[in-house]
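In: Sharing a model prediction with you, sequence too.
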Amino acid sequence: MDHILGAHMSISGGLHQALLAGRDAGCNAIQLFSKSSNQWHAKPLQPDDIACFKKTREETGVWPAMIHAAYLINLCAPQEAAWQKAVDAFYLEMERAEALEIPYLVVHPGAHVGSGEEAGIARAAKALNEVHRRALGFQLKILIELTAGQGSCIGHRFEHVAKIFDQTDQSDRMGVCLDTAHVFAAGYDLQERYEETLHLFDRQIGLERIKAFHINDCKKELGCRVDRHEHIGQGKMGLAPFSHLMNDSRFIGLPMILETPKGENLEEDRMNLATLRGLMQEKTAAFCQIPPSGI
C-alpha cells in the first residue's frame, strides 16, 4: 500500500473544485472546508452540489477526503449559550460531511477560556456525546486534532485527548488527527525523540486511534505553543521528523494532509509533496545499499 498524500484545498467556485485542485497538485487525498471557515451558517447543500462532488471524486480519483470543521466552533465553551451554538454548528458540519460521504471530520477540541482544563475537557466530551446522540447511523468518524496549545486551548497534551475519549460514550466513532507542527509546538520532540513520542502517545491514547495526519513544519521553536505552519524542512523541525514519518510502516495507508503556506497557485503544494515523496524514496534507496550481514 502506498502513502496517501494530499493538501488542504480551496472550495472557491464549488466543493468539487477542491478535488480538481488536488488532482492538479498531485494529491491522492485532500482536506477541505464544507463551508466558510469563519461563519456560523452556510447555504444548505443542494442535490446538484452533492452529485457534482461525487462525480468529480470518481473522475479525479482523489480520495479519501477530510473536512475540517469551522474555526469558530468551541466545544469547550463554559457559557451555555456559546456551547449550544458550537454543538449545533458542529452537528451541521457532520450532516454536510455525511451527505458528501466523507469519512473524516476534523475538529479542534476548543478553549476553556478560564474555566480550567478539566472543565474544558468535560465540556468537549459532553458536546461529542450530544452530537453522537443526534447522528445515530452516521458513518463518518470525528477526528480530534492535537493542538499547539495557544491561549487556553486544550488538546496540546496527549492526556487531554485521552480524557476526552474516556468521557465520551461512543469513542469508537472517533479518532485522532496528529498535526506534526502542533505536536512539536506543544513540546513533543519529533526530531530527537520520534519513537519516544509515539510510545508515549501509544501508552496514553493508542496508536490505533490515529486515523490521519496534518503534515506541517513549525515556524517557532520546540514547545513554543504557537500555531504557525511552515513548508516541509524549512521550519524549526527540519527534515528528520518527516523522514521518520514517511518511512514508518505503521502509518502507510493513512491520509497525510499538508496545511503549509499557499500562494496564488499550487506550486507550494507540489513542492512540499515532492519533498515528502523524496524523503521516502531517499530512505528506501539508502536501505537498498546496505550489504547483508557478513558480506
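Out: It's in. If you're wondering where the values come from, they're calculated on a predicted model, not measured in any experiment. Numbering: from 1, shown residues only.
In: how near is the residue lying closest to Trp83 once chain neighbours are set aside to Glu59?
Out: Of all residues not flanking Trp83 in the chain, Ala77 sits nearest, at 4.2 Å (Cβ to Cβ, 6 or more residues apart in numbering). (C-beta placed from N, C-alpha, C; glycine too.) For Ala77, the distance to Glu59 equals 41 Å [Cβ to Cβ, to the nearest Å].
In: Report how many residues lie close to the residue nearest to Trp83.
Out: For Ala77, the count of nearby residues is 23 (other Cβ atoms under 10 Å).
In: Check Ala51 too.
Out: 11.
In: Gln139 reaches Pro103, doesn't it?
Out: Yes - with contact defined as Cβ atoms under 8 Å, Gln139 counts as touching Pro103 (7.3 Å).
In: So for the two, which sits in the more crowded spot?
Out: Taking neighbours as other Cβ under 10 Å, Gln139 and Pro103 compare with Pro103 leading, 19 against 11.
In: Leaving out chain neighbours, which residue sits closest to that one?
Out: Distance criterion Cβ to Cβ, 6+ apart; nearest residue to Pro103, sequence neighbours excluded, is Pro64 at 5.4 Å.
In: quick one: pLDDT of the residue nearest to Trp83?
Out: Looking at Ala77, its pLDDT stands at 98.
In: Okay, and it sits in which element?
Out: Using DSSP states H and E, Ala77 is not contained in any helix or strand.
In: Now do the same contact list for it.
Out: Ala77 makes contacts with Trp83, Ala86, Gly110, Ala111, Val113, Arg123, as judged by Cβ atoms under 8 Å, 6 or more residues apart in numbering.
In: ok, now Leu75?
Out: Leu75 touches Trp83, Ala86, Val87, Phe90, Val107, Pro109, Gly110, Arg123, Ala124, Ala127, Leu128, counting by Cβ under 8 Å, 6+ apart.
In: before we move on, the earlier item: kindly give the local confidence score, pLDDT, for the residue nearest to Pro103.
Out: 86.
In: For Leu276, see how far away the closest residue to Met174 other than its chain neighbours is.
Out: Once flanking residues are discounted, Met174 sits nearest to Ile142: 4.9 Å by Cβ to Cβ, 6+ apart. Distance, Ile142 to Leu276, by Cβ to Cβ: 26 Å.
In: So between those two, which is more surrounded?
Out: Legend: neighbour count by other Cβ under 10 Å for Ile142 and Leu276, higher for Ile142 (26 against 22).
In: Which pLDDT value belongs to the more buried one?
Out: Listed pLDDT for Ile142 reads 98.
In: Check Lys85 and give its pLDDT.
Out: Listed pLDDT for Lys85 reads 97.
In: part of a helix, is it?
Out: Yes - Lys85: assigned to a helix according to DSSP: H, G, I helix; E, B strand; the rest coil.
In: Surely it touches Trp40?
Out: Yes - under the criterion of Cβ under 8 Å, Lys85 makes contact with Trp40 at 7.1 Å.
In: just the helices in the stretch 51-200 of the chain please.
Out: Using DSSP state H, counting those that start in this stretch, the helices of the stretch 51-200 of the chain run over 80-99, 117-134, 158-166, 180-185, 194-204.
In: now those in JSON lines, with distance to His16 and mean neighbour count?
Out: Output for the helices of the stretch 51-200 of the chain, formatted as JSON lines (distance: least, Cβ to Cβ, whole Å; neighbours: other Cβ atoms under 10 Å):
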{"stretch": "helix 80-99", "distance to His16": "14", "mean neighbour count": "18"}
{"stretch": "helix 117-134", "distance to His16": "26", "mean neighbour count": "20"}
{"stretch": "helix 158-166", "distance to His16": "33", "mean neighbour count": "20"}
{"stretch": "helix 180-185", "distance to His16": "29", "mean neighbour count": "27"}
{"stretch": "helix 194-204", "distance to His16": "35", "mean neighbour count": "15"}
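In: All good on my end, thank you.
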